[in-house]
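Enquirer: Curious how this folds, go ahead:
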Amino acid sequence: MSLIKTVRKVGNGSALPLDNTIMDLVGLHVGDQVQITVDGPRLIVTPVSAGIGKETLEKIMGEIRTKYGKALRELAK
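Expert: Numbers count the residues shown, from 1 in each chain. Below is the predicted model of the structure:
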């Protein structure tokens, strides 16, 4: 897949907006970290696979709070 995008000014820096289609194809979500590699005139953007991801963590934590919330509150006393 090849697209032409426009670098935009954001505050004192720049940003390259990514369409949701691209984000889905590479498994990125807003807030994820990426590694940027410079190879001559190319930028290579690679998702950093560190852990399970924010959305999965929030889902698991919600399940834990629902199932064990009362016990955890008692233990916290």
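
Enquirer: per-residue confidence for the residue nearest to residue 9 when sequence neighbours are not counted?
Expert: Nearest residue to residue 9, sequence neighbours excluded (CB to CB, 6 or more residues apart in numbering): residue 15, at 7.9 Å. From N, CA and C alone the C-beta is placed, and that goes for glycine too. On the pLDDT scale, residue 15 is placed at 93.

Enquirer: now swap in residue 51 and tell me
Expert: pLDDT at residue 51 comes out at 65.

Enquirer: ok, so what distance separates residue 63 from residue 70?
Expert: Separation of residue 63 from residue 70 (CB to CB, to the nearest Å) stands at 14 Å.

Enquirer: oh, I was asking about residue 46
Expert: Noted for residue 46: a distance of 43 Å to residue 70, by CB to CB.

Enquirer: Equivalent analysis for residue 15, please.
Expert: In terms of CB to CB, residue 15 sits 45 Å off from residue 70.

Enquirer: quick one: contacts for the residue nearest to residue 9?
Expert: Counting by CB atoms under 8 Å, 6 or more residues apart in numbering, residue 15 makes contact with 7-9.

Enquirer: nearest spatial neighbour of residue 18, skipping sequence neighbours?
Expert: residue 28 (7.3 Å).

Enquirer: which residues touch that neighbour?
Expert: Applying CB under 8 Å, 6+ apart, the residues contacting residue 28 are 18, 22, 34, 47.

Enquirer: do residue 46 as well
Expert: Contacts of residue 46 by CB under 8 Å, 6+ apart are 34-37.

Enquirer: Residue 7 against residue 16, yeah?
Expert: Yes: assessed by CB atoms under 8 Å, residue 7 is found in contact with residue 16 at 5.4 Å.

Enquirer: in stretch 6-24, what counts as buried?
Expert: Neighbour-count burial for stretch 6-24, counted by 16 or more other CB atoms under 10 Å, picks out residue 18.
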